[in-house]
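# 3D model of this:
(chains A, B and C)
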Amino acid sequence: MPKLVELARLLNAKLLGQPNAEVTRARPFELASEGDVTLALDTAYVARVSESRATAIIVANPIEGASQHLLVARDPKLAFARAIELLHRVQYEPLGVSADLVAGTGTVLGAQLSVHPRVTIGRDVVIGDRVTMHPGVVIGDRCKIGDDTVIQANVTIYRECTIGKRVIIHAGAVIGADGFGFVPDEEGRQVKLLQLGSVRIEDDCEIGANSAVDRGGFGETVLRRGVKLDNLVQVGHNCDIGENTVVAALAGFSGGTRVGRGCVIAGQVGTNQHMTIGDGATLTGRTAVTKNVRPGAIMAGMPAQDYNAWRRSQVLYSRLPRMADRLRRLEKIVEALTRSSATSAD
Amino acid sequence: MPKLVELARLLNAKLLGQPNAEVTRARPFELASEGDVTLALDTAYVARVSESRATAIIVANPIEGASQHLLVARDPKLAFARAIELLHRVQYEPLGVSADLVAGTGTVLGAQLSVHPRVTIGRDVVIGDRVTMHPGVVIGDRCKIGDDTVIQANVTIYRECTIGKRVIIHAGAVIGADGFGFVPDEEGRQVKLLQLGSVRIEDDCEIGANSAVDRGGFGETVLRRGVKLDNLVQVGHNCDIGENTVVAALAGFSGGTRVGRGCVIAGQVGTNQHMTIGDGATLTGRTAVTKNVRPGAIMAGMPAQDYNAWRRSQVLYSRLPRMADRLRRLEKIVEALTRSSATSAD
Amino acid sequence: MPKLVELARLLNAKLLGQPNAEVTRARPFELASEGDVTLALDTAYVARVSESRATAIIVANPIEGASQHLLVARDPKLAFARAIELLHRVQYEPLGVSADLVAGTGTVLGAQLSVHPRVTIGRDVVIGDRVTMHPGVVIGDRCKIGDDTVIQANVTIYRECTIGKRVIIHAGAVIGADGFGFVPDEEGRQVKLLQLGSVRIEDDCEIGANSAVDRGGFGETVLRRGVKLDNLVQVGHNCDIGENTVVAALAGFSGGTRVGRGCVIAGQVGTNQHMTIGDGATLTGRTAVTKNVRPGAIMAGMPAQDYNAWRRSQVLYSRLPRMADRLRRLEKIVEALTRSSATSAD
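Numbering: from 1, shown residues only, chains lettered A, B, ... in the order given. Modelled structure (predicted):
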């Protein structure tokens, strides 16, 4: 149970209030009560601070006359994320290795593991320390799994994939399935391009439930350090997703897509093959990328355009019926004018 | 083998025909033969009733001169659904509990279960009566599973989720994975918002194959009574889906979306965070919800508009080339008029 | 290690170079070095042939002055696919049947199987020869699995499905879950249409990771010979997908969709129920099919139009702001003209 002075230090916030007051939980504004630290981010919540029974409130600016202790932070949302972690993170405790573990020859296990029942590991796999594997996890031959990584239930990792440290892979995700590559032959039959590459997922990545990251055709499919994928995301063969890029649900990257670092990819986005998306770009919901995207761009629409241009076209699109009316009206007037001008020329 | 008089009573239909005639199967119009009850819903099928070898036909209105027994129902499709159920539902028979069940301490099992091999259950779980769990099912600590629920193979349910009675969860679905919440820190690294909430799925819900329902950040993600999700649907953290709402494949709800009761959500629909969709609304295929939707509305497009407005814009959109031509023509005429008017003013 | 003369014969290519030279690997242009055969397909690569250290290069036309051995093929990409297969395909070697296999009564196993640990098979199933089943595979009662088929980890196949020969089903895929069919009753409750049909997947199909192919309501859902599905694809009940059609990730077919043979269905495509898509049609990324598509058509947009028409509308769409400006300008001019014409008529 940290004192506020200590919490303020850890959150890099300025404390306006009692240094010795204590909080035990972090809770959102609507749910917070005594003993809680909460967040008042939107002006709507700031205006309702007097209603809150929270003991301490994280804010962007001091609030005149607030009865609660205030933690003034430059980035209140980040401070709140850290408060949640400080107050609620459960200390890792190794469960040991279930007696029914099936592991192939040459596989090396790290220390202090939590291997639940019904885990199956292939040959020559290297498992780091403090790795958690839930029931139904299947890991193929020659994979490497880094320290402190958590693999949830029923995840499948095909052969020869490398997973970094502190990675979280949610249930049902599939890492390293074959990329989608076929060439029709003379009779129209689809000939498979054997998929001989692999997948590398770097440290601190998180992969959502039932997402799929295909192996490279040749070479690697790469998720760089800190990439976060939501559920049901498709990453095609030989994609390379840059550091700290976040990708929302149901987005799909075609083979060979290169995404920069720090990008924000919203839900249901899609890309053509071999696209390059620059660092720090934002693709809003359902953007369809058919040309390379420059760094820092904010894109929308199908095909993708600059967000502002798309917005303007979008507004006009909804006004198309009115534009059509105006055009028809003009045509009538102009026809009348033409007729009268012809008449007057007679 | 029910007699028609009995079937009519159960379907709430009026029998025009032999009370003692019998049917053994319900089959669609194209496949029905002797001994079958079928459905003639569309006028196309009604016109072809004389071709049918079915013993009985469910119809909306009496058909002059039909040789088959007719079951006239106010809602023929509903009557047919009930006929299928009456004639084809297999009586539940408990298989018992496979000897290899792994269940943690404190877990309580109901009566008359069907627990297939290779099921893994955590600690302090409560399993109701007549629950079916197929191979590969993984249930986390402190979950509750209601009576008569069926959990298909390789489903994962994370800790502390509550599943109601008569729920069907199809293979590969993931219930209770972490919501997608991250805040970038000062160096652009994504800090995880711990996901401390849970999932509540009420009675009579059905969840499609490989769908994902995330746990709440705080509080619950809720599917209310009778919600039906198709395959590959994404339900983000803290969504609340109203009673009897149906959601087609590949639709995704961002965090905090509230959907009313009795809504129809078509395939590939997406929503922004914290949207509210009113009771009885229809979102046609691939609607993108960026503003709240009023009850009963029928929406389409991206961003979502009223269906009729969208339809008009859509038609005009396909006529844009013609509109562009007309505009160009007008410009020429007007230019000529301006010139001649300037000349005549000279 | 084949000699080039032999390789040329197998690839149906014309060799320009040393018949006795040898290659051991097939590698893409950027990665190829000595001992490799590679592909120079794009003119960009053809121009850089002198940089390549590959021993042999597959090309469409002879290259003047190339120092490497050339394999001139009518379809170089197909020749390269075959070269990869010839040089890299691993000969099948049966692993045998894991001692922990759970198989129901009446199930018949073929010869030379590779059944990994933790596979569960129901009753009266027929498994062909040389079938591979990875851990976590669950196969329901009365299924048939053809010779040489590979079923990756954690795949679920429901009861009564038929899988052909040489099929590959990637991890997490679900075959034969219930189709999505409900009818609201008098109180708005969704009544389930029991799904009594099955799935038939013919020879040489491939199903991507976490894809879902629902069983028919009545009758079958069919993937015909050589169909290739990417990851996270949804195939609704009673769909019928024609021979050699390829379907990219996150595409979804509503119930009863009929797709012809040799079609190319790009990512995130969706279809309304009961659509028919003709042989050889191409649906570009995210096409939404709301009317039948004629054979050979190339479609785009939502709702789907002919690609070229869509392209024109798309260009005009991005020019809508300019069109709006021009319309406004015209209106002003015409207003002035009308006024001056009225004045001159006075």
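# drop to CA atoms for contacts and neighbour counts, all remaining ones
Noted.
# what's the spacing between the residue in chain A that chain C sits nearest to and C:Arg89?
Nearest residue of chain A to chain C (C-alpha to the nearest C-alpha) works out as A:Leu193 at 5.2 Å. Computed as C-alpha to C-alpha, to the nearest Å, the A:Leu193 to C:Arg89 distance reads 10 Å.
# for A:Gly219, same thing?
17 Å.
# who has more neighbours, the two?
Legend: neighbour count by other C-alpha atoms under 10 Å in any protein chain shown for A:Gly219 and C:Arg89, higher for A:Gly219 (18 against 12).
# who in the stretch 1-150 of chain A is up against chain B?
A:27-28, A:77-78, A:81-82, A:84-85, A:88-89, A:117-118, A:135-136 (C-alpha under 8 Å from any C-alpha of the partner chain).
# any low-confidence regions in chain A?
A:344-346 (pLDDT under 70).
# picking up where we left off before, dump the residues of the stretch 1-150 of chain A next to chain B to TSV, plus distance to chain C.
Putting these into TSV (distance: C-alpha to the nearest C-alpha, whole Å) gives the following:
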residue	distance to chain C
A:Arg27	35
A:Pro28	34
A:Lys77	33
A:Leu78	33
A:Ala81	32
A:Arg82	34
A:Ile84	33
A:Glu85	32
A:His88	32
A:Arg89	31
A:Pro117	11
A:Arg118	8
A:Pro135	10
A:Gly136	7
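# for the residue of the stretch 51-200 of chain A found nearest chain B, which three-state class applies?
Minimum separation of the stretch 51-200 of chain A from chain B (C-alpha to the nearest C-alpha) falls at A:Ala81, amounting to 5.2 Å. Three-state call for A:Ala81 (DSSP: H, G, I helix; E, B strand; the rest coil): helix.
# name the nearest residue to it, sequence neighbours excluded.
Of all residues not flanking A:Ala81 in the chain, B:Leu193 sits nearest, at 5.2 Å (C-alpha to C-alpha, 6 or more residues apart in numbering or on different chains).
# check whether the one you found really touches B:Phe182, as I assumed.
Yes: between B:Leu193 and B:Phe182 a contact is recorded at 5.5 Å, counting by C-alpha atoms under 8 Å.
# more neighbours, these two?
B:Leu193 (21 against 17).
# and that one, how close does it get to A:Gly35?
B:Leu193 is 20 Å from A:Gly35, by C-alpha to C-alpha.
# ok but A:Tyr317 is inside a helix, no?
Yes: the assignment for A:Tyr317 (three-state DSSP) places it in a helix.
# residues contacting it?
Residues in contact with A:Tyr317, defined by C-alpha atoms under 8 Å, 6 or more residues apart in numbering or on different chains, are B:313, B:317, C:317, C:320.
# between the residues you listed, which is closest to C:Asp42?
C:Tyr317 (32.2 Å; C-alpha to C-alpha).
# how close does the closest one get to C:Trp310?
Using C-alpha to C-alpha, we find C:Tyr317 at a distance of 10 Å from C:Trp310.
# next, A:Gly236: phi, psi?
When read as degrees, to the nearest 10, the backbone of A:Gly236 gives phi -70, psi 170.
# and what of A:Ile157?
phi -120, psi 120.
# what pairs with it across the strands?
A:Ile139, A:Ile175 (DSSP bridges).
# what about it, neighbour count?
For A:Ile157, the neighbour count with other C-alpha under 10 Å is 26.
# now do A:Ala248
By other C-alpha under 10 Å, neighbour count at A:Ala248 equals 23.
# farthest pair in the residues of the stretch 1-150 of chain A next to chain B?
A:Lys77 and A:Arg118, at 39.3 Å, using C-alpha to C-alpha across the residues of the stretch 1-150 of chain A next to chain B.
# so A:Arg224 touches A:Ile241, yeah?
Yes: using C-alpha under 8 Å, A:Arg224 is in contact with A:Ile241, at 6.0 Å.
# so those two - more neighbours on which side?
Per other C-alpha under 10 Å, whichever of A:Arg224 and A:Ile241 has more neighbours is A:Ile241, with 28 against 22.
# distance of that one relative to chain B?
14 Å (C-alpha to the nearest C-alpha, to the nearest Å).
# quickly list what that residue is bridged to.
Where A:Ile241 sits in a bridge, its partners, by DSSP bridges, are A:Leu223, A:Val259.
# test my guess that it contacts A:Arg261.
Yes: using C-alpha under 8 Å, A:Ile241 is in contact with A:Arg261, at 7.3 Å.
# count the residues that sit near A:Leu113.
A:Leu113 has 22 nearby residues by other C-alpha under 10 Å.
# quick check: closest non-adjacent residue to it.
Leaving aside its chain neighbours, A:Leu113 sits nearest to A:Arg130 (4.5 Å; criterion: C-alpha to C-alpha, 6+ apart).
# what sits against that neighbour?
Counting by C-alpha under 8 Å, 6+ apart, A:Arg130 has contacts A:94, A:110-114, A:147-149.
# how about A:Val72?
Taking C-alpha under 8 Å, 6+ apart, one finds A:13-16, A:58-62 in contact with A:Val72.
# now a PyMOL select for only the buried ones of those residues.
Here is the PyMOL command that picks out the buried ones among those, judged by 16 or more other C-alpha atoms under 10 Å in any protein chain shown:
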select buried, chain A and resi 13+14+15+16+58+59+60
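# could I get the contacts of A:Val72 as CSV with distance to chain C?
Below are those laid out as CSV (distance: C-alpha to the nearest C-alpha, whole Å):
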residue, distance to chain C
A:Ala13, 44
A:Lys14, 47
A:Leu15, 49
A:Leu16, 51
A:Ile58, 41
A:Val59, 41
A:Ala60, 39
A:Asn61, 41
A:Pro62, 44
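# reformat the contacts of A:Val72 as TSV; add secondary structure.
Below are the contacts of A:Val72 laid out as TSV (three-state DSSP):
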residue	secondary structure
A:Ala13	coil
A:Lys14	strand
A:Leu15	strand
A:Leu16	strand
A:Ile58	strand
A:Val59	strand
A:Ala60	coil
A:Asn61	coil
A:Pro62	coil
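# of the contacts of A:Val72, closest to B:Ile157?
A:Ile58 (33.7 Å).
# do I have it right that the closest one meets A:Ala40?
Yes: using C-alpha under 8 Å as the test, A:Ile58 is close enough to A:Ala40 to be in contact (6.2 Å).
# residues in contact with the nearest residue to A:Gln18 once chain neighbours are set aside?
Spatially, and ignoring its direct neighbours in sequence, A:Gln18 is nearest to A:His69 (6.7 Å; C-alpha to C-alpha, 6+ apart). Listed by C-alpha under 8 Å, 6+ apart, the contact partners of A:His69 are A:15-18, A:55-57.
# 10 Å - rerun?
Residues near A:His69 by C-alpha atoms under 10 Å, 6 or more residues apart in numbering or on different chains: A:4, A:15-19, A:21, A:37, A:54-58.
# got it, and A:Val137?
Per C-alpha under 10 Å, 6+ apart, neighbours of A:Val137: A:115-121, A:151-157, A:171-173, C:135-136, C:153-154.
# same check on A:Gln314?
A:301, A:308, A:320, B:302-303, C:317-318, C:320-321.
# 7 Å instead?
Going by C-alpha atoms under 7 Å, 6 or more residues apart in numbering or on different chains, A:Gln314 touches no other residue.
# so it is in which element?
helix A:307-318 (DSSP states H and E).
# in that helix, what's buried?
A:307, A:309-310, A:313-314, A:316-318.
# pull the distance from stretch A:153-166 to the chain's centre.
Mean C-alpha position of stretch A:153-166 versus that of the full chain (C-alpha atoms, centre = their mean, to the nearest Å) differs by 18 Å.
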